[in-house]
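S.K.: A predicted structure for the sequence below; I have some questions about it.
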Protein chains: 8
Amino acid sequence: MNRAALAALLDGVRDGAIPTDEALRRLAAFPAEDLGFARLDHHRDLRQGRPEVIYAEGKTVEQVVRIAERLQAAGAGVLATRTSDAQRHALVEAHPDVRVNALARTAWLPVAAHAAPTDEAPLVLVVAAGTSDLPVAEEAVETLRAFGRRVDRLADVGVAGLHRILAEESRVRSAAVVIVVAGMEGALASVVGGLAAAPVIAVPTSVGYGAAFGGLAALLGMLNACASGIVVTNIDNGFGAAAAADRILAGMEGGS
Amino acid sequence: MNRAALAALLDGVRDGAIPTDEALRRLAAFPAEDLGFARLDHHRDLRQGRPEVIYAEGKTVEQVVRIAERLQAAGAGVLATRTSDAQRHALVEAHPDVRVNALARTAWLPVAAHAAPTDEAPLVLVVAAGTSDLPVAEEAVETLRAFGRRVDRLADVGVAGLHRILAEESRVRSAAVVIVVAGMEGALASVVGGLAAAPVIAVPTSVGYGAAFGGLAALLGMLNACASGIVVTNIDNGFGAAAAADRILAGMEGGS
Amino acid sequence: MNRAALAALLDGVRDGAIPTDEALRRLAAFPAEDLGFARLDHHRDLRQGRPEVIYAEGKTVEQVVRIAERLQAAGAGVLATRTSDAQRHALVEAHPDVRVNALARTAWLPVAAHAAPTDEAPLVLVVAAGTSDLPVAEEAVETLRAFGRRVDRLADVGVAGLHRILAEESRVRSAAVVIVVAGMEGALASVVGGLAAAPVIAVPTSVGYGAAFGGLAALLGMLNACASGIVVTNIDNGFGAAAAADRILAGMEGGS
Amino acid sequence: MNRAALAALLDGVRDGAIPTDEALRRLAAFPAEDLGFARLDHHRDLRQGRPEVIYAEGKTVEQVVRIAERLQAAGAGVLATRTSDAQRHALVEAHPDVRVNALARTAWLPVAAHAAPTDEAPLVLVVAAGTSDLPVAEEAVETLRAFGRRVDRLADVGVAGLHRILAEESRVRSAAVVIVVAGMEGALASVVGGLAAAPVIAVPTSVGYGAAFGGLAALLGMLNACASGIVVTNIDNGFGAAAAADRILAGMEGGS
Amino acid sequence: MNRAALAALLDGVRDGAIPTDEALRRLAAFPAEDLGFARLDHHRDLRQGRPEVIYAEGKTVEQVVRIAERLQAAGAGVLATRTSDAQRHALVEAHPDVRVNALARTAWLPVAAHAAPTDEAPLVLVVAAGTSDLPVAEEAVETLRAFGRRVDRLADVGVAGLHRILAEESRVRSAAVVIVVAGMEGALASVVGGLAAAPVIAVPTSVGYGAAFGGLAALLGMLNACASGIVVTNIDNGFGAAAAADRILAGMEGGS
Amino acid sequence: MNRAALAALLDGVRDGAIPTDEALRRLAAFPAEDLGFARLDHHRDLRQGRPEVIYAEGKTVEQVVRIAERLQAAGAGVLATRTSDAQRHALVEAHPDVRVNALARTAWLPVAAHAAPTDEAPLVLVVAAGTSDLPVAEEAVETLRAFGRRVDRLADVGVAGLHRILAEESRVRSAAVVIVVAGMEGALASVVGGLAAAPVIAVPTSVGYGAAFGGLAALLGMLNACASGIVVTNIDNGFGAAAAADRILAGMEGGS
Amino acid sequence: MNRAALAALLDGVRDGAIPTDEALRRLAAFPAEDLGFARLDHHRDLRQGRPEVIYAEGKTVEQVVRIAERLQAAGAGVLATRTSDAQRHALVEAHPDVRVNALARTAWLPVAAHAAPTDEAPLVLVVAAGTSDLPVAEEAVETLRAFGRRVDRLADVGVAGLHRILAEESRVRSAAVVIVVAGMEGALASVVGGLAAAPVIAVPTSVGYGAAFGGLAALLGMLNACASGIVVTNIDNGFGAAAAADRILAGMEGGS
Amino acid sequence: MNRAALAALLDGVRDGAIPTDEALRRLAAFPAEDLGFARLDHHRDLRQGRPEVIYAEGKTVEQVVRIAERLQAAGAGVLATRTSDAQRHALVEAHPDVRVNALARTAWLPVAAHAAPTDEAPLVLVVAAGTSDLPVAEEAVETLRAFGRRVDRLADVGVAGLHRILAEESRVRSAAVVIVVAGMEGALASVVGGLAAAPVIAVPTSVGYGAAFGGLAALLGMLNACASGIVVTNIDNGFGAAAAADRILAGMEGGS
C-alpha cells in the first residue's frame, strides 16, 4: 500500500465515498499481513524508508523461510540477521541468489532495483578493536550494504597499541559516521570519539572473559566514555548500529 | 593555536628552521594550558569544532570560575553543566552576562560572535516523557542552544496516554534529530523510534523509584528498544545527547 | 477429602467421638498423599478451586508419569508445564488422550467432566509482542484452556509499529483480562495498559540478547510501566499469568 | 470532552461539516491541556474510568498546586501521591477540605459527587507484614478510598509467627482482592497466596537492611512465589497495587 | 600424626633433643602429604574431628581416585561430593564397597570403625520445599550419615500449601537441628524458623527460573528471613549445611 | 497465655465445655494483642523461649515506647535493636532502669527474674576483624546478654596480621559458639572456621568502601568460605547471629 | 620488639631459660598492644617494613587521636587516611607538626628520622584522568611521600584528547611505576599500559554519574584493559595503589 | 623495524631527504602488518620488550596458525593462550617443536635465542589455593617461562588449614613477586599479603559455585583485601598476572 493509495482512501472519507467505519477497518487491516505467528508490514516504508529485516534468532527454519517468501512476493527486499547455519542453508535452497555471510550470520535478498552506492556517497567506517569483534562488525557492514550505504572497515586497532589507530587517523576523520565495535573495556570508543568530529556509534561486544560479564564492562565503559557525544547500542548489536547510521545518512541526504 | 600556526610549525620542520625535537616540544606544550588541576585545550576546535564545556560536578567553586575565566580570556565560549547553586552564583558575579538555567543546572557564556540559528536550520526536537524528566531535557536544550543549534521541545507525552504523542506525530516526524528523555521504563523511545525515520537519541533518566534502580530500568529498556536504530546515552546525560545531535547536524551541513 | 468429610471430623471432636489427638493426626495425614519425593494434595480444591499442576522441569520422566497417574486415579485433572520432549512422549504413551502443545511445552489430561467455556464467558486476551514470545504466550493459553477459561490471542504487535496494536484496539478493550507477553524492553505492557481499563498482567520474556540479560530488561521495564495498575509475573511465566487471570475471573463469576 | 462531543466530531467529518485536517487538529489539541511542564488529560475517563493522579515526587510545590487547581477546575477529582510535607501543606492552604494522610504521604480532593462504597461492595484487604510496611499499605488504602472502593487492612502478620495470619484466615478468604505488602524476604505473599483463592497482588517494600538491597530481596521473592497466580508491582508501589485492584473490581462490576 | 606425637615433638624441643629449626621443619613438613596437585592433611582430625572430604567438581577422574586411595591408605574415611557419573563409576571400580548416591552425587568410603548412630542420638531433620530440591537435600543427608549423625527427611512441604508443613509440625519441633532446603523464593525457611526453636540452617537452591537468577532470590530471601536466628549457606550447598549441623551436634555432645 | 492455659482450653473442647467455634476464636484472638500498628505476641515463649525483641528502625519514637510499655506490662523482657538516639532517649525517660548501649544501638529492659549466666555456662565468643566492625559485634554481645548467655569478645584481629588471631587461638578453640564479624573481604570467617571445631556464625558488615558494595563483598566471601560448615547471616545482622547462637546453646542445654 | 629480641626469645627456649608455654605467651602478648577497640602492632615492621597506617573512616575522633598517640609513643610514624575534617582538626591540635592534606584527606606524623628521597630514587608517576579524580590521586601521592618514595603527578590527561597524554609520553615512559587514577570509563589505564613498559597500577574512581554506578564502570574497564599486565585496586583506593607501588620499589632496592 | 631504522627515518625528515608526508605514511604503514583480520605488530618490542601473545579464544584454528606463522617468520617468539584442543593440535602439526600445556591451555614457540633464567634470577612464586585453581596458575607459570622468568609454584594451601601456608612461609617470603590464585572467597590473597612484603598480585578464579557467581566473590574479596598493597587482575587471568610480574621484574633488573 503506497502513499497514493493512502491519500485516495482519506479523500474517499472526505468525499463521503467511504464511511468512517469502513476507512478505519481498511487502515487497520490492510498494511499488516497476518501469518498467524508474524504480522508483515508491507507499507512500513511509508514510515521508515527501509526494507523488512527478519531477526532470525528464536524463529524456526520454516518461519524464516516463509516470512522471507511473503516479503519477497510483496516486492520487498529482505535481510535476515542472527541466522543459524540451518536457516541460511534453507534460505539458499529457496533463493539461490541470496547473499550469505557466515561470519556476520546474515542472509540478504536484495530487491531487483538495488543499486550500489557511488564513490561520492558519504562513508560509514566500521572500526573493530580486535579480531574477535569481527562478527559484530561484519553484521553492521552487511546491514549497511543491504541498506544501500557505502561502507569501509578497519580491524585490530585496539588502544593497547595506540599507533595502530593513530596510523589510520585520516581515515577515521574522513568518515561521515564511525561505528566502533569493541569488547573487553571498550576504550576504543573514547579514543575514536576524541579523534573524530563525526557521529560515533559505539557497539559493545561480548568479547572478553571473567569480569567482562558478557559485554557489561564494554557497555558501561562506552556509556561513560569521556569523549562527548558518543552514543551506544545494545551489546553485540551490529545491526542496530548500522540502522542508526542509516537514519543519520538519510538525514544528510535530505530525506527519509 | 590555529590551523595556520600549525602548518607554519610543520613547514618550519621541513625547512630545517625548527629542529624536530623543538617541534615536538612545542606541539606538546602549546595547545594545553596547564592550571595544575586542569589542562585547558585552546586548539580543541581544530579537532572537534566545539567550544569548551566544563563539567562542574566535583569541582570547587573556585576551580569552575578560574577555568571559565581562562577560557574566556582565550576567546572561547564556555558552557558549564551540572553546576551547583553556589557555582552558578559565583559565575553570575564574575560574568553578569552569563545565561543561567537553574532547572537545567547550566551556565553559558557565549562568544561575542555567537549567532542564533535561522528558522531554516535543521531542528532538534527534545521529547520528555514526564514532568520529572524536564531537568535532563533542559540540559540538552541549553547545550544545543550554546552549540548554535535550532531546538524545540515536547513535554509530558508518556506512552500510558498514547494520544498525547500521536497528537504530536507531525512535529516528531519533521525533526532532523529527535532526543527522547524518559525515566521509569523508557518505553517512549521505542514508540518515537517507530514514528520517526530521523536519528533518535534516547536518554534514560533516574526518574522513578524502587526497581527503577536509579535509571537502570530505563537504560536497559532503551538499549533493548524494539524499534531499530535507536542509540542511547548515559543515564541523565542530556549534555551527551545534545553533543551527539550536534555531531549529526554538523555532518548534515557538510562539515565536521 | 471433601468439605463434608472435614465437617464430620470436626463434629466428631465436638461430640467426643474422636479424641483431639486423633483428629489432629487425621487432619495432618489425610489430605496429602506422600509418594516419597512428592506430596499430592487431593483436597487442594477445598482451598483453591483448581486442578493439580505439575511443574515438570527438574523432575525425571518417571516422576512426572507417576505423579500424573496418581492424580488421575484420584479423579483430578492434570496439567504438566515446562515438559521436556521425553516427558511429553512418556505421557502420550501412558495416556494416549493427553493433549500436548510442543511450542507451549504443556501436556494436559482433562477431567472427564471438563466443559469448554461458552461464548459469553469473559475473555482473556493474550497479546505477544513478537514471534519469539509465542512459547510463553502459548503456555498461558494452554493453561487457561485447562482451567476452563475462554481465551484468544494476538501476536506480533510490538510497539515499533504502533499501528499494529492500534488496529486491534477494540479487541484489547473488549477483553475481561489482558495478558501482555513481551521480551526486549517490554514496552508493550505500558501501551496496552494505557489502552485497556481491564486488568493487565505483564509477562516479561527472556527474548532478546546482550543487555536484555535474560529477561531482566523486560522485567524492570514492566515493573516501572508508566501506565498505572499493571502487575507483573516472573520472567517467562506464562502459567503464572494464566493462574492470576483465573483468580480474577473466578471473582467475576462470584466465587472461588 | 465527553463521549458525546467526540461522536459529534466524528459525525461532522462524515457529513463533510468538518474537514479531515480540522478534525485531526481538534482531536489532537482538545483533550490534553498543556501547562508547559505538564499535559492535563481531561478526557482520560473516556479511556480508564479513573480520576487524575498526581505523582508528586520530583515536582515543585508550585507545580503540584497548579496541576491540582486546573484539574479541580475541570471537574476532576485529584489524588496526589508521594507528596512531601511542604506539598501537603500547600495543598491544605489552597484547599482546606483536602484529606491528607501523612503516613501514606497522600492528599485527596474528592469530586463533589464522591460516594462511599456500600457494605455489600466487594472488599479489598490490604495485608502488611510488619509495622514498618504500613506507609506503603496506607498508600494503597488511601488510593482505594479515592477510587470509591471498600477497603480493610490487617497489620503485623509476618510469617515468623504463622498463627497471626492463620488467625485471620477467614478474613483473608472473604476478600475479593488481597494486597500483600511486605519487605525483608516477602514470604507473606506466598503464604497468603496459598490461603486465598482470590487475586493476590504482592507489593515488595524497601523495608529491611543489608542484603534486602532496598527491596530487591522482597521483589525477587514475590516474583518467585511458590503459590501460583501471584502478581507483583514495583517496590513500595502501594498506589499501583490499588490501581490494579481497581481494574479487577471494575471488571467484577461488569464494566470497565 | 596424632596428638601424642605432637606433644613428644614439643617436649623434644624443650629437652634440647630436637633443635628449634628441626622442630619447625618437621611440623611444617609432616602433616600434609603433597601429591603435587593436592596436599593431604592426615592430622586434620587434630583440628576439626572430621574425615577428609573431596570436592570432586573441577578435578579429573584420576585425581579423585588417587586422592581417595591415599586417604584410605592413611586410614581416613573419604566422602566425595559433587561427583560426576564418571568419577563415581571409577570409584566403584577401585573400591567396590563404596556407597554411592546418584541423586546426591556423593560417594562414601567409611572407615572400618564407622558406627551408625543410636536412636537416642539427636536428630537432624532435612526439610525440602519441593521435589526439585531433593538433590541438595540428599547431599546433606549423605554427608550427615558419613559424619555418623542421625538424620531424617521431609519432602515437598512448600508454603503454598501450609497444611503440609503444619501437619509435620511435631517432627519439626522434635529435631535437634533443622536444615531447610528451598529454591524459588525460599519462604519455607522463615516459616520453619517460626515453628522451631532449634537451630535452623537454610540452604537456598538454584531451583526456579527467570528472576530466580540461579538461586539468588532464595539466597536473599533466606538472608532476610523475618524469623530470627536463621543462618544461611551458599546456594546448593547441602554439604555445608550438614557440616554446620555436625559442628552444632558435636557441641551438644560435649566435645569436638 | 502459658502452656497450662492452652491445655485447659483444649480440654474444654474435648469435654464439650467450650464449643469448637469458641475455641478457635479464643486461640486466634488471645495470644496476639493488637495495637493497630503492631500485634504483640505474649505467648511467643511457648514457641521460641525468647523475650520479645523490637526492631526499632522505621518505627516512630511513640510506637517504640508504647510497644515496650505493653510488653513490660505483660511481664515480658524487652530488647530494642537498631534504635535511634531519640528512641533510646525516650525509653530512658520512660524506664530509667533501661540499659542502653549507644555503640550497639540497643536498649534492654530485663525481666525482674533475669539472672546472669554462671562461669560454667557455655561461652559465645564474638570476634571482630576491625575496629569499625565493633557496632555490629556489640549488637550481638548485647543480645546474648539479654538472652542470658555468657559472652566474650575479641577485637581487631584481621587476617592481614595473622599472628593476632593465632595468638588468641586457644580462646577461639575454647568457645562453644564463635561469631565472626567482618567487613571488607570477610576472610576472617574462613580462618576462624579452620581454627575452631565449634559452630561458626559469620556476620558480614558494611564496613569498607568502593567494591565492598555495602557489605556485598564480605557476604559473598563468607558464603563461599573454604572452611566447611560456616553459616552466614544478613549484612550487619549482629542480632541475628546472637539469636542463632542462642538457638544452638538452648539445644546444648537440652531444651528449647 | 625487634628482630634481635625475637631471636633472643627463641634462643631462650632452646637453652631452657624460657619454658615453651612462657615463650608462646610472650610471643602472643607482646607485639600487639590492645587498646580494647584496636590492637596496635609495634613489630609489624618485622613483617612489612612500613609504618602504621590508620584507616580513619568509621572511627571516632577520640579513637583516631588515641591510636596516633600510642603509635607515636612507640616510636612509629603515623599516616591517617580517609580522615574527616574533625579528625584532622583534632590531630593538628594534638600534634601541631602533623602534615595534613585536605584534598587527599590525609594526616601524616613522620618519624624523626624521616628522610626525603634523593633525585636518583626511582620515580612513581601518579596520572589522573580528570580534575575530579585528584582527591584519589593525592591520597596516593601523600602515602608515597610518607613511605619515603619519590613521586610526581600528571593531571587532566583523559583520552578524549589523546594529544594530552601523548605530549607527556616521555615522562610516562621514564617512571619506575605508574599509577593511573581514572573514573568514568577508565580508558586511560589501557592507553598508559600501552605506552609504558613499567608496572601500571590502575585505580578506578567513583567519579562519574548514571551508569558509572559509583566506580563500577571504571573498575570493570580496568580489569578488562586490553593492554596486558595492568593490575587494579579497589575503587578510590589511592592508598592501596601507593602501598602496592611501595612493595614494588622495595624489591627494586633489593630488600623489604 | 628496529630503533635504528626509526632513528634513520627521523633523521631523513630532518635532513630533508624524506618529506614530512612520506615520513608519516611510512610510520603509519610500517610497523603493523595487516592480515585483514589482524594487525601484527613487529616493532612492539620497541615499546614493551615482550614477544607477541595470541589470545586464541574466539579465533578460528586457521587464524591462530596463520598469525603464529607470520610472527615466527618475522623472528618473534609466540605464546598462544586460551587455546582449544583443536588449536593446539594444529599448532603442533605446523610446528612440531611447539611446547604445549593442556592444563594451562597454552602453546609456546620460543625464539631460537631463548635462554632459561639462572638460579640467581629473582623468583616469581605462584600460589594456588586449591587443586581446581591449577589451570589458571599454570597459565601464569607458562607465561612467565615464555617471558624468561624464574618461576616456582605452591598448590593446595587454602586458608581453611592455615598450617599449610604457614609451613611454606619462608618460601613465600623469599619470592620477588607472589601471584596468588584463588577462587571461592579468595581469602588466601589477604593472608599471603600479610606474610609477604614483596608485591602480591591476586588472581580471582571462577572456581566455586552458587554465590561464587563465576568468580565475582573472589574478585570482590581480593579488591577489598585487608592486607594493604594487594593488586588484582581479571577473573581467571593467569596470563595478566604473569605479564604484571614481568613488568615488575624488568624494573628490578634496571630496564624496561
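M.R.: Great, that's in hand. Residues are numbered from 1 along each chain as shown, chains lettered A, B, ... in the order given.

S.K.: the residue in the stretch 1-150 of chain A positioned nearest to chain F: what's it in contact with?
M.R.: When scored by Cβ to the nearest Cβ, the stretch 1-150 of chain A has residue A:129 as its residue closest to chain F, at 25.4 Å. All C-beta spots, glycine's among them, are computed from the backbone N, C-alpha and C. For residue A:129, the contact set (Cβ atoms under 8 Å, 6 or more residues apart in numbering or on different chains) comprises A:156, A:157, A:158, A:159, A:180, A:181, A:182, A:183, A:184, A:186, A:188, G:226.

S.K.: again, only this time at 10 Å
M.R.: A:137, A:154-160, A:164-165, A:180-189, A:191-192, A:205, A:207, A:218, G:226 (Cβ atoms under 10 Å, 6 or more residues apart in numbering or on different chains).

S.K.: and stretch A:55-67, end to end?
M.R.: Distance between the two ends of stretch A:55-67: 11 Å, counting by Cα to Cα, to the nearest Å.

S.K.: so it, near chain B or not?
M.R.: Yes - Stretch A:55-67 reaches chain B (Cβ under 10 Å from any Cβ of the partner chain) through residue A:55.

S.K.: following the worst-scoring helix or strand of chain A on mean pLDDT, which helix or strand comes up?
M.R.: Ranking every helix and strand in chain A by mean pLDDT, DSSP states H and E puts helix A:44-48 at the bottom, with a mean of 41. Per DSSP states H and E, the first helix or strand lying C-terminal to helix A:44-48 is strand A:52-55.

S.K.: chain center to the lengthiest helix in chain A: distance?
M.R.: In chain A, taking DSSP state H as the definition, the longest helix is helix A:238-252. Taking Cα atoms, centre = their mean, to the nearest Å, one finds the center of helix A:238-252 at 7 Å from the center of the full chain.

S.K.: tell me the mean pLDDT for that helix?
M.R.: Mean pLDDT, helix A:238-252: 95.

S.K.: can you give me the angle that helix makes with helix B:238-252?
M.R.: 60 degrees (axes from the mean of the first three to the mean of the last three Cα atoms, to 10 degrees).

S.K.: does helix A:238-252 come close to chain B?
M.R.: Yes - counting by Cβ under 10 Å from any Cβ, chain B is contacted by helix A:238-252 at A:239-252.

S.K.: need the residues you listed in TSV with distance to chain C and neighbour count, can you?
M.R.: Listed next are the residues of helix A:238-252 next to chain B as TSV, based on distance: Cβ to the nearest Cβ, whole Å; neighbours: other Cβ atoms under 10 Å in any protein chain shown:
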residue	distance to chain C	neighbour count
A:239	11	27
A:240	10	28
A:241	12	30
A:242	15	32
A:243	11	25
A:244	14	30
A:245	18	30
A:246	15	26
A:247	13	27
A:248	18	27
A:249	20	26
A:250	17	20
A:251	19	21
A:252	23	18
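
S.K.: average pLDDT across stretch A:58-74?
M.R.: Rounded mean pLDDT across stretch A:58-74 is 88.

S.K.: break chain A into its domains for me.
M.R.: Chain A resolves into domains spanning A:3-109, A:123-253 when parsed by automatic domain parsing.

S.K.: out of the ones you listed, which gets the lowest mean score?
M.R.: When I compare these, domain A:3-109 is least confident, with a mean of 75.

S.K.: helix/strand/coil for the residue of chain A found nearest chain E?
M.R.: The nearest approach of chain A to chain E comes at residue A:213, 13.6 Å away (Cβ to the nearest Cβ). The three-state label given to residue A:213 by DSSP: H, G, I helix; E, B strand; the rest coil is helix.

S.K.: isn't it right up against residue G:220?
M.R.: Yes - contact status for residue A:213 versus residue G:220: in contact at 7.1 Å, counting by Cβ atoms under 10 Å.

S.K.: so between these two, which is more surrounded?
M.R.: residue G:220 (29 against 21; other Cβ atoms under 10 Å in any protein chain shown).

S.K.: pull the number of nearby residues for the nearest residue to that one once chain neighbours are set aside.
M.R.: Leaving aside its sequence neighbours, residue G:220 sits nearest to residue A:217 (Cβ to Cβ, 6 or more residues apart in numbering or on different chains; 3.7 Å). For residue A:217, the number of neighbouring residues by other Cβ under 10 Å comes to 30.

S.K.: now swap in the one 4 residues further on and tell me
M.R.: The burial count assigned to residue A:221 is 33, neighbours taken as other Cβ under 10 Å.

S.K.: now residue A:171
M.R.: Quick note: residue A:171 (other Cβ under 10 Å) scores 15 neighbours.

S.K.: hey, where'd the helices end up in the stretch 101-250 of chain A?
M.R.: A:134-146, A:162-166, A:169-174, A:188-195, A:216-223, A:238-252 (DSSP state H, counting those that start in this stretch).

S.K.: of all the ones you listed, which one comes closest to residue G:201?
M.R.: The minimum distance between residue G:201 and the helices of the stretch 101-250 of chain A falls on helix A:216-223, with 18.8 Å, by Cβ to Cβ.

S.K.: so what does the closest one touch, helix or strand wise?
M.R.: For helix A:216-223, the helices and strands in contact under the criterion 3 or more Cβ pairs under 10 Å, 6 or more residues apart in numbering or on different chains; DSSP states H and E are strand A:177-182, helix A:188-195, strand A:200-204, strand A:230-232, helix B:216-223, strand B:230-232, helix G:216-223.

S.K.: hmm, try it at 8 Å
M.R.: If you count contacts as 3 or more Cβ pairs under 8 Å, 6 or more residues apart in numbering or on different chains; DSSP states H and E, helix A:216-223 packs onto helix A:188-195, strand A:200-204, strand A:230-232, helix G:216-223.

S.K.: can you redo the ones you listed as a markdown table with distance to residue H:125?
M.R.: Below are the helices and strands packed on helix A:216-223 laid out as a markdown table (distance: least, Cβ to Cβ, whole Å):
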| stretch | distance to residue H:125 |
| --- | --- |
| helix A:188-195 | 36 |
| strand A:200-204 | 37 |
| strand A:230-232 | 42 |
| helix G:216-223 | 23 |
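
S.K.: isn't residue A:137 right up against residue A:125?
M.R.: No - at 10.6 Å, residue A:137 and residue A:125 do not qualify as touching, with contact defined as Cβ atoms under 8 Å.

S.K.: which residues does residue A:79 bridge with?
M.R.: Bridge pairing for residue A:79 (DSSP bridges) gives the partners residue A:53, residue A:108.

S.K.: got the contact list for it?
M.R.: Shown in contact with residue A:79 (Cβ under 8 Å, 6+ apart): A:51, A:52, A:53, A:54, A:106, A:107, A:108, A:109, A:142, A:143, A:146.
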